Each structure stands twice: as C-alpha cells, then as structure tokens.
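A.B. asks: the sequence and its predicted three-dimensional model are supplied below.
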Amino acid sequence: MIVFYSAIKKFHGLRASAEDELTGLDASEHGLPSAYADFAPSVEKYTAYAPADVPIVAVTGQTPVAEAIPVQKMPTFTGDGHKYTKVEIVFRESRLYALKEAMAQLGVTGMTVSHVMGFGMQKGKPEYYRGVEIETNLMPKVQVDIVISKVPVRDVIETAKRVLYTGHIGDGKIFVYDVENVVRIRTGEEGYDALQDDE
C-alpha cells in the first residue's frame, strides 16, 4: 500500500488543490452547486450552472405600472375594544420548559415554539467548514410566539426576563408587535374570544 499510494502522490496527488477545497469538490469534480439536499447554495452561485442558451434575468423590482398586478387591500378588522399583542421570544433551548411553566402560571393559554438559528453582536461560536472559518456563525435557539390580550404585556415580558436570565451572552431577546385580529379556525371566533380557553 505504501508503494501504491506513494506512486499516486507523486504522479497525481492525494488531495485536491487549496482552491478546489475552498470552492468545493461538488463544483470542481462534478459541476454541481451542491450534491446534498440539506445544503442550499446562495442564488448567485447557481448562475454558473445555468445552460448557455437560457438568459439570466436580473430582478430589479422596477416593474412598469402597466404590467404590475394591483394589490388588493384586505378589509380592516373593526375591533371589539380589546388590544392584541404578539410577544416573540428568542432564547436558549434549555430554558424552554421553565418558560412554558412560568407562562402557564401567568395565564397564557397558548404558544407556538419553533427551532431557529441566529447570532447577535458576539457572532456566535466559531465554526469551520473544510478547514475554513465560517464568516457568519449561527447558534441553535428556540423562538416562542405568544399572542395575548387578557394577560398584561408587561407581566409576560418581566416573567420571561426573570426565567431566561443567566447573565451570559446569548440569553436572548424579546420582540413585541401589535396584532390586528385573531381568528380561531375551529369555531370561527374572532378577537378576544379566540384567545380564551374552552371552558
């Protein structure tokens, strides 16, 4: 094996060039932007693989008025005198169940939980791909969305701050949005009633 691999190393080489390693062997060896379904190359990289007879059209957003599709304005919810607020919290996954229990004790009747990736000013934790440090480092986080009306917004914010605080970088952030309407699909209830428990 030593003789065999020594011959390959001398006449062909045992590893790809530094340029091919950075570009990726999918492109240099196979002519593909990516051979893996879970890796999504940026849109700009696909232009190199477009057929020569297919023109690449740049989307500028400057559509003539005559060709533009008119935007239909949806009817505005007249309201029922209540204010609806969406509180979006992004934080460490390890604190999810503590937050869930605290919100349940506060009277929050529902939440949506999503796994997300993100980073702040600290740029996350350094990661490497094929020996090269990745410029944007993403950290796994959990995003919880809560829409409330009955429970005071300030109580939700203060409870989340108390439960999620560790004093370390990456504790998370809280975002607050106004919501125009809430519709419960099963019953057709709208507004305040759609946010309440079935009792």
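C.D. replies: Yep, it's here.
A.B. asks: now the residue nearest to the spatial centre of the chain, which residues is it bridged with?
C.D. replies: A centroid search over the chain (CA atoms, centre = their mean) returns Val116, at 4.9 Å, as the residue closest to the centre. Beta-bridge partners of Val116, counted by DSSP bridges, are Lys141.
A.B. asks: state the pLDDT value of it.
C.D. replies: Val116 is assigned a pLDDT of 90 by the prediction.
A.B. asks: surely it meets Lys141?
C.D. replies: Yes. Contact status for Val116 versus Lys141: in contact at 5.1 Å, counting by CB atoms under 8 Å. Where C-beta positions appear, they are placed from N, C-alpha and C, glycine not excepted.
A.B. asks: how many neighbours does Val87 have?
C.D. replies: The local packing count at Val87 equals 21, with neighbours defined by other CB atoms under 10 Å.
A.B. asks: just give the closest residue to it, not the sequence neighbours.
C.D. replies: Ile146 (4.8 Å; CB to CB, 6 or more residues apart in numbering).
A.B. asks: count the neighbours of the one you found for me.
C.D. replies: The number of residues packed near Ile146 is 21, by other CB under 10 Å.
A.B. asks: good, wrapping up.
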